[in-house]
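# Here is my input, please return the structure:
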Amino acid sequence: MARIALKVDVDTWRGTREGVPALVRAMKQAGAGGTYLFSLGPDHTGRAIFRALRPGFLKKVSRTSVVEHYGVKTLMYGVALPGPDIGKREAGTLRAVRDAGFEVGVHCWDHVRWQDKLLKHDAAWAEREMQRATQRFAEVFGTPPRHHGAAGWQFNDDAARAEMKLGITHASDTRGGRPFLPVDAAGAVIGPPQYPTTLPTLDELIGVDAITVDNVAEHILRMTAGTDLDQVYTLHAELEGQKLMPVFERLLAGWKAQGHRLVSMGDLHAATDIRTLPRRRIAQGTVEGRSGLLAVQEPV
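The predicted structure follows:
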């Protein structure tokens, strides 16, 4: 059957210290591989309130309780409270994930800053932000990162070029269907292979078309039943690692029952002959259930 790569986005300090250890235990118990992508600088989650004017944002947060999943204190970081430095405070937690046998990589330096400002700035800004994150990663782990997954799927050509310059070998910054090599308008490769998130996330599904916490796992499992196509599933330490852990455990059991292999992004990359990958542009598009524009694989 297929490989399903489990990509864990870790956005906040709370998600790092509470959600990550819980996910490591659950995935180890299930015999699942996976990749953990860390936010390595300050937690400024509270500043996300400025997204309230973005089309679809309030509708999305009303479906999945932000307070319930993130906590009141987290929603004050960067506004009423100083943002804790995740990489400094939780270096031991991060290393424990690697020591447990999971792939580790970079999500961002400052999640809200990257998600809200990347598309408003130039190539130098993108490279500086990524360099801060990769330097902190090297300080924590003693080695440079090889995998990158952009915060909020905010990504563009400038960021792809920065990945290549900073030594990233494989990335999952986009939404789409199949792995591809990102190229510019002239067809020249500008970044490492992209392995897009292919499956919807829990917060994109819950509350839509009668999908609830109780049946969302079955909805996703129907999408992966009987397929031999590799998939990438993005989960969040703040959701599956906490209140939605029972949903994730049902997914793990269901995927194993379907015969799929649960792997890391690195495993997916190692099994791919990049010489055969199609070349595609990175575009800005929409994804059902998520607000704003995201980096998507340009359709053929």
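# which residues does E298 contact?
Counting by Cβ atoms under 8 Å, 6 or more residues apart in numbering, E298 makes contact with 280-283. Bear in mind the C-beta positions are built from the backbone N, C-alpha and C, glycine included.
# ok, and the most crowded of these?
I282 (25 neighbours; other Cβ atoms under 10 Å).
# rewinding a little: what's the closest of the contacts of E298 to L235?
Looking at the contacts of E298 and their distance to L235, the nearest is I282, at 22.9 Å (Cβ to Cβ).
# what are the bridge partners for the closest one, then?
Q297 (DSSP bridges).
# and the nearest residue to G226 once chain neighbours are set aside, backbone torsions?
Among residues not flanking G226 along the chain, Q258 sits closest, at 7.8 Å (Cβ to Cβ, 6 or more residues apart in numbering). Here is the backbone geometry of Q258 (degrees, to the nearest 10): phi -80, psi -10.
# And for the one 3 residues further on?
Per-residue torsions, R261: phi -100, psi 130 (degrees, to the nearest 10).
# got the contact list for it?
1-4.
# Swap in 10 Å and give it another go.
1-5, 31-33, 230, 255, 267-268, 271 (Cβ atoms under 10 Å, 6 or more residues apart in numbering).
# What of A100?
A100 touches 21, 24-25, 27-28, 36, counting by Cβ under 10 Å, 6+ apart.
# Of those residues, keep whichever come out buried.
Buried by 16 or more other Cβ atoms under 10 Å: 21, 24, 27, 36, out of these.
# got any ranges where the stretch 151-300 of the chain has weak pLDDT?
Applying pLDDT under 70 to the stretch 151-300 of the chain picks out residues 300.
# Tell me if L6 really is in a helix.
No. Checked against DSSP: H, G, I helix; E, B strand; the rest coil, L6 lies outside a helix; its state is strand.
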